[in-house]
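Visitor: The sequence and its predicted three-dimensional model are supplied below.
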Amino acid sequence: MIDMLRFGILLAALPIVGALVFVANSKPAKDTLWPTSRFTELDRQRSILRGLEFIYASASTPKHFEDNGDNLLWRFYSLSAAAKDPQLKRRAWEMGQERAHAWRKMYPHVPANADAGVIGGLAFGSLSATMLDVPDEVLKAELVKAAHNFKAEDYLNFDPAKEPPPSDVPRTCKKCKSSNPRGTKVCRKCGETLLMNSPYDVLSEALIAAYTTDRYGVWLGGSYEDVAQWIPQMRPYPKPGDKNFRNSPDASYAVTYIVYTLNNYKLYKLRPEWLPQEYAYLKANLEANIAKKDTETLGEFMDTLRSFGVDENDQGMRNGVEFLLAHQNPDGSWGKMEQSDSYVRYRTTWTAMNGIMQYEWRDEGVIFPEALRHIQASEQQ
Ligand SMILES: [Zn+2]
């Protein structure tokens with residue numbers, strides 16, 4: 001706390017020093033992100049590290065970690081793997097490893113009464129911990145075996161080997177919070193009329209499960225190719241706010257998760273011509289997220305566009321970076337501070353950080369080349 005305060009005072013003094021140097025040398029001493037920017041590289045770095053500390057504090061809160069540990073581990077791993085800044089990589093890796101050891105102690109075995117949701121969560125958490133260099137072959141063997149006690153529908157609400165993402169999967173009842181089976185229109189417990197997930201939401205969930213299936217070898221309802229074969233049918237994507245999809249955010253998550261699961265969560269560069277509709281959608285709707293002050297979607301659009309080679313010479317990208325750097329909360333988070341759901345709070349913070357950060361891109365490519373070939377072949381027909 002004291003260190004942070006001192007750091008703050010030192011930084012507060014910097015503009016004065018900068019102004020003096022400016023007078024003496026007749027050129028700007030501040031290394032701004034671009035000539036018209038209000039921020040410097042140091043501002044960017046500090047902002048991201050503060051965001052990371054906020055997420056770590058959330059991950060270190062027992063209740064939050066119990067609820068979201070698998071998801072948090074993946075975020076630490078992904079940051080450590082994808083970030084360009086060595087300090088950010090190192091901190092995310094240290095935090096991730098520490099939390100991965102804690103997670104392994106909490107989940108040494110598959111519980112006897114585990115349902116498909118529990119199996120899916122354990123598989124994703126175990127993949128994440130393994131990527132953080134904390135593997136557990138005993139748990140993995142148990143997961144591989146237990147996973148086949150369930151059907152594709154139990155994991156994904158549909159069978160991607162047989163049909164496209166459906167439109168009759170009800171959302172959790174908003175009145176009593178219970179889940180209802182596919183095709184149900186009225187809550188079986190309380191009688192409330194149920195809203196449906198859009199097929200884009202169903203696709204997004206299925207892409208993540210299929211990515212886990214293929215990366216970790218625990219079957220969660222279908223392979224990546226099974227799920228990705230339906231992507232051409234989901235095009236063209238409805239515009240944000242399309243009245244036919246007013247019950248769900250829109251197709252944004254589906255588009256960003258197609259990118260993440262193909263670019264291996266921000267490791268590979270993608271050519272726009274590989275996914276032309278997705279690229280065009282992101283480009284066309286990027287700045288609408290600034291107008292709506294939708295920090296979370298903005299961050300996702302920015303990092304997916306970076307993967308397609310859109311850099312900070314692009315005005316939309318610059319506007320996004322400026323917006324995010326100007327809207328960080330005093331506690332290091334982004335989004336609504338009054339939001340009570342810890343998952344929403346750290347997820348919004350993470351996506352904002354991902355929007356402004358720089359990446360250590362590997363080569364051009366995708367992790368599932370067969371799936372991409374299939375998507376492109378369907379497109380040409
Ligand atoms: Zn209900």
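Guide: Done, it's in.
Visitor: Which residue, other than its chain neighbours, is closest to G309?
Guide: K269 (6.3 Å; Cβ to Cβ, 6 or more residues apart in numbering). Where you see a C-beta, it was placed from the backbone N, CA and C, and this is true even at glycine.
Visitor: got the contact list for that neighbour?
Guide: 263, 307-309, 361-365 (Cβ atoms under 8 Å, 6 or more residues apart in numbering).
Visitor: Out of the residues you listed, flag the one nearest to the ion.
Guide: N263 (38.6 Å; Cβ to the ion).
Visitor: Quick check on that closest one: phi, psi?
Guide: phi -90, psi 10 (degrees, to the nearest 10).
Visitor: Could you measure from it over to Y257?
Guide: To Y257, N263 is 11 Å away according to Cβ to Cβ, to the nearest Å.
Visitor: do M357 as well
Guide: Separation of M357 from Y257 (Cβ to Cβ) stands at 19 Å.
Visitor: In terms of neighbours, single out the busier of the two.
Guide: M357 (25 against 20; other Cβ atoms under 10 Å).
Visitor: That one reaches S47, doesn't it?
Guide: No: contact criterion Cβ atoms under 8 Å: M357 and S47 do not qualify, at 9.4 Å.
Visitor: For the ion, what's the nearest residue on the stretch 251-381 of the chain?
Guide: Closest point on the stretch 251-381 of the chain to the ion, by Cβ to the ion, is D341, at 19.3 Å.
Visitor: Which stretches in the stretch 101-250 of the chain count as strands?
Guide: Here the stretch 101-250 of the chain has no strands by DSSP state E, counting those that start in this stretch.
Visitor: Quick one: name the residues of it near the ion.
Guide: 173, 175-176, 187, 189-190, 192 (Cβ under 5 Å from the ion).
Visitor: Buried subset of those residues, written for PyMOL?
Guide: Command for PyMOL, covering only those of those found buried under the criterion 16 or more other Cβ atoms under 10 Å:
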select buried, resi 173+187
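Visitor: ok, so of the residues of the stretch 101-250 of the chain next to the ion, who is nearest L42?
Guide: Relative to L42, the closest of these is C173; by Cβ to Cβ it sits at 48.1 Å.
Visitor: contacting residues around the closest one?
Guide: 179-180, 187, 189-190, 192, 194.
Visitor: Recalculate using a threshold of 7 Å.
Guide: Taking Cβ atoms under 7 Å, 6 or more residues apart in numbering, we find C173 in contact with 180, 187, 189-190, 192, 194.
Visitor: Check W103 too.
Guide: W103 sits in contact with 69, 73, 125, 129, where contact means Cβ under 7 Å, 6+ apart.
Visitor: Spatially nearest residue to the second one, not counting backbone neighbours?
Guide: Residue nearest to L73 in three dimensions, not counting chain neighbours: S128, with 3.7 Å by Cβ to Cβ, 6+ apart.
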